[in-house]
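S.K.: Mind folding the following:
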Amino acid sequence: MRIALIAHDKKKDAMIKLAIKFKDVLAKHEIYATGTTGTLVMGETGLKIIRMKSGPLGGDQQIGSMIAENDLDLVIFLRDPLTSQPHEPDVSALLRLCDVTKTPLATNITSAEIMLKALERNEISKRK
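M.R.: Residues are numbered from 1 along each chain as shown. Alright, predicted model coming up:
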């Protein structure tokens, strides 16, 4: 499966902890991430991650394009709903694309863990 990892600044530590916890699951899949998130997760886990640009510099849009082209199967986007984001229109567009294309999307740590556990049990299949 092709999985995208995205985390707002205040959620990057949570993403690292999630990736460490599910390292064995993630290692079996093709992982993409926005720039800073990908760099931090790679540094802590040793996972191979294909990095896009930083979110505010177009990384969210790059991930969105992959969703639109059916090039991603699952998105984990740990959002910070309490902090205003300068690139909020890009964030909203990415979330909308997941809804339109029926791409599974986790936006908090609990939903991300549920999805990764389902992935571990082969209960989530590749998008067509």
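S.K.: that's a helix at residue 32, yeah?
M.R.: No - going by DSSP: H, G, I helix; E, B strand; the rest coil, the assignment for residue 32 is strand, not a helix.
S.K.: burial measure for it, as a count.
M.R.: Residue 32 has 22 neighbours, counted by other C-beta atoms under 10 Å. In this view, the C-beta of every residue, glycine as well, is placed from N, C-alpha and C.
S.K.: Does it touch residue 48 like I think?
M.R.: No - the pair residue 32 / residue 48 is not scored as a contact, 10.7 Å apart, by C-beta atoms under 8 Å.
S.K.: ok, which stretches of the protein are strands?
M.R.: 2-7, 30-33, 49-51, 74-78, 105-106 (DSSP state E).
S.K.: what's whichever helix in the chain runs longest packed up against?
M.R.: The residue-count maximum for a helix in the chain (DSSP state H) belongs to helix 88-101. When contacts are defined as 3 or more C-beta pairs under 8 Å, 6 or more residues apart in numbering; DSSP states H and E, helix 88-101 packs onto helix 59-68, strand 74-78, strand 105-106.
S.K.: Sounds good, over and out.
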